[in-house]
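Undergrad: sharing a sequence plus its predicted fold:
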Amino acid sequence: MTTQTRYTTPARSSTARLRILLLTLAAWAALGWLLQLALDTPVLDLQGDLDGVLGGRAFGGAYLALAAAYLFAAFNAERMLFMLWVGAVEQIGTVVTIVFHWARNDIGFGGAEGLLPLFVALALLVLILLNLGREREAGT
């Protein structure tokens, strides 16, 4: 006799875990947006002007849209699992960007300016990847 595996909606504890992860992603994105507003403060010092034709696009508020999307997804976590893929892409983009700017010597290698965002992005990426494959088998 063969045993078939049926996948259903996640268990209640799994849903709570997804909701917490999505709320954490929303908070991290909201912090990114708030940092864009804190330009030329001790929190974010560019040491000069933001020049170039598209320089203002770097502070266009995309993090606010991400925060809203994660927040919306957190209230219906079972149906919004694709937002974990969005979160994974965001964290991979963060890691790649930090490494790129380290390679160009745009940011220092120590302290909070590069290591803290890198560690947070890697930790969130690990949490996302751990939760992507979690489905509950029927009958367990």
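TA: Looks like it arrived, so ask away.

Undergrad: Trp28 and Ser13, how far apart?
TA: Distance from Trp28 to Ser13, counting by CB to CB, to the nearest Å: 23 Å. Any C-beta I mention is one placed from the backbone N, CA and C, and that applies to glycine too.

Undergrad: same deal with Glu113?
TA: Separation of Glu113 from Ser13 (CB to CB) stands at 37 Å.

Undergrad: tell me which of those two has more neighbours.
TA: Each of Glu113 and Ser13 has its neighbours counted (other CB atoms under 10 Å); Glu113 has more, 17 against 9.

Undergrad: on the three-state scheme, the closest residue to that one other than its chain neighbours is what?
TA: Nearest residue to Glu113, sequence neighbours excluded (CB to CB, 6 or more residues apart in numbering): Ile107, at 5.1 Å. Per DSSP: H, G, I helix; E, B strand; the rest coil, the local secondary structure of Ile107 is coil.

Undergrad: what do you get for Gln91?
TA: Applying three-state DSSP: Gln91 is helix.

Undergrad: dihedrals phi and psi, the residue nearest to Glu113?
TA: For Ile107, the backbone dihedrals (degrees, to the nearest 10) come out as phi -130, psi 160.

Undergrad: ranges for the helices of the protein?
TA: Using DSSP state H, the helices of the chain run over residues 12-37, 62-74, 82-103, 115-132.

Undergrad: which helices and strands does the last one pack with?
TA: Think helix 115-132. Contacts defined by 3 or more CB pairs under 8 Å, 6 or more residues apart in numbering; DSSP states H and E place helix 115-132 against helix 12-37, helix 82-103.

Undergrad: buried residues in it?
TA: Residues 117-118, 121, 124-125, 127-128, 131 are the ones in helix 115-132 that count as buried (16 or more other CB atoms under 10 Å).

Undergrad: over to the first one?
TA: Neighbour-count burial for helix 12-37 flags 14, 17-19, 21-26, 28-30, 32-33, 36 (criterion: 16+ other CB under 10 Å).
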